[in-house]
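[1] Coordinates only, no sequence provided:
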């Protein structure tokens with residue numbers, strides 16, 4: 001079976017690595033923290049990022065990046081977006097030119113405003129694909145039914161990767177709109193923070209439904225202006241992932257929003273967990289993209305101001321509700 005290297009041993013990386021190992025693939029999971037790699041190898045657990053889960057006994061972990069990458073035929077990136085460039089600048093030294101890189105990270109890089117696959121293409125030039133959709137790691141690891149999207153520019157590669165990742169509980173659809181799939185996965189995290197803020201303020205289900213609906217409209221507007229297919233945002237990587245992260249307590253981004261709405265300081269929220277809430281960083285990049293492309297994104301703008309300009313969440317809601325009246329479409 002093909003050798004697969006999974007880069008990033010957070011909850012999602014560990015889950016996908018375990019899934020692939022259980023299917024019989026030769027999988028090596030790279031962890032930045034040696035203690036996590038040791039725990040996975042010795043106990044088949046990752047108590048830091050996936051407490052309570054038992055991993056496949058076929059999974060091997062390492063903190064040696066070269067060792068993980070140099071034999072790989074397929075490489076799965078699950079490194080948080082803002083660290084992807086630094087990790088892959090090192091990893092690219094050992095990646096063969098025929099390796100297919102699949103990204104399962106969701107975000108937009110600060111400064112460059114690049115999606116993750118664009119960062120990887122800039123560094124390596126290898127064929128790439130993107131795996132995204134509504135998929136809480138804690139549900140996938142216990143084999144609850146999940147459906148996701150895999151986007152690639154090469155249909156043959158897409159069908160091959162579809163077979164590699166699909167299981168009886170993990171259904172994979174193919175897609176050709178890499179940009180749209182990535183933007184959906186990144187931008188929904190910002191809207192999820194807004195949804196959490198709304199619930200933290202006790203604004204009710206009506207407000208949350210409005211945020212989800214108007215949030216997808218913002219995502220579509222930006223996506224279209226950037227060249228993505230508008231239809232992509234009505235699929236699993238758009239609306240599907242948005243609904244999940246805006247309503248599920250397992251969502252790190254939603255949870256950050258709830259705590260902001262309850263009056264906690266962002267620095268205290270982030271200090272209380274080792275897991276990364278990608279929406280915090282993406283809020284800045286998304287706001288800058290809206291300015292760059294001249295796209296009106298009022299929800300994104302208010303989340304950006306709450307996080308980066310210390311705006312009161314209650315004041316942000318007031319601004320959204322008192323905007324100039326307009327037609328919905």
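    Done, it's in. Fair warning: this is a prediction, and the values are worked out from it, not measured in the lab. Numbering: from 1, shown residues only.

[2] Next secondary structure after the lowest-mean-pLDDT helix or strand in the chain?
    For the chain, the helix or strand with the lowest mean confidence is helix 266-271, at a mean of 90 (criterion: mean pLDDT, DSSP states H and E). Heading C-terminal from helix 266-271, the first helix or strand you meet, by DSSP states H and E, is helix 278-293.

[3] and that next one, average pLDDT?
    Confidence over helix 278-293 (mean pLDDT, whole number) is 96.

[4] gap between the next helix or strand after that helix and the chain center?
    Next helix or strand after helix 278-293 toward the C-terminus (DSSP H and E): helix 298-308. Taking the mean of its C-alpha atoms, helix 298-308 sits 19 Å from the chain's own mean (CA atoms, centre = their mean, to the nearest Å).

[5] hang on, the earlier thing: residues making contact with the least confident helix or strand of the chain?
    Contact partners of helix 266-271, identified using CB atoms under 8 Å, 6 or more residues apart in numbering, comprise 256, 259, 260, 277, 280, 307. The C-beta positions use only the backbone N, C-alpha and C, and glycine is treated the same way.

[6] again, only using 6 Å
    Under the contact criterion CB atoms under 6 Å, 6 or more residues apart in numbering, helix 266-271 has outside partners 256, 259.

[7] in it, what counts as buried?
    Using 16 or more other CB atoms under 10 Å as the test for burial, helix 266-271 gives 266, 269.

[8] Tell me the gap between it and the middle of its chain.
    A distance of 20 Å separates the centroid of the chain from that of helix 266-271, by CA atoms, centre = their mean.

[9] does the residue of the chain most remote from its centre belong to a helix or a strand, and which?
    Residue distances from the centre of the chain (CA atoms, centre = their mean) peak at residue 325, which lies 33.4 Å from the mean C-alpha position. Using DSSP H and E, residue 325 maps to neither a helix nor a strand.

[10] Show the pLDDT at it.
    What the model reports for residue 325 is a pLDDT of 90.

[11] can you give me the strands for the stretch 151-300 of the chain?
    All strands of the stretch 151-300 of the chain, identified by DSSP state E, counting those that start in this stretch, fall at 170-175.

[12] Now do the helices in the stretch 1-150 of the chain.
    11-22, 34-43, 65-69, 81-91, 116-123, 137-140 (DSSP state H, counting those that start in this stretch).

[13] most neighbours per residue, which of these?
    Burial of these is given as mean neighbour count (mean count of other CB atoms under 10 Å); helix 11-22 ranks first at a mean of 25.

[14] Right, I'll call it a day here.
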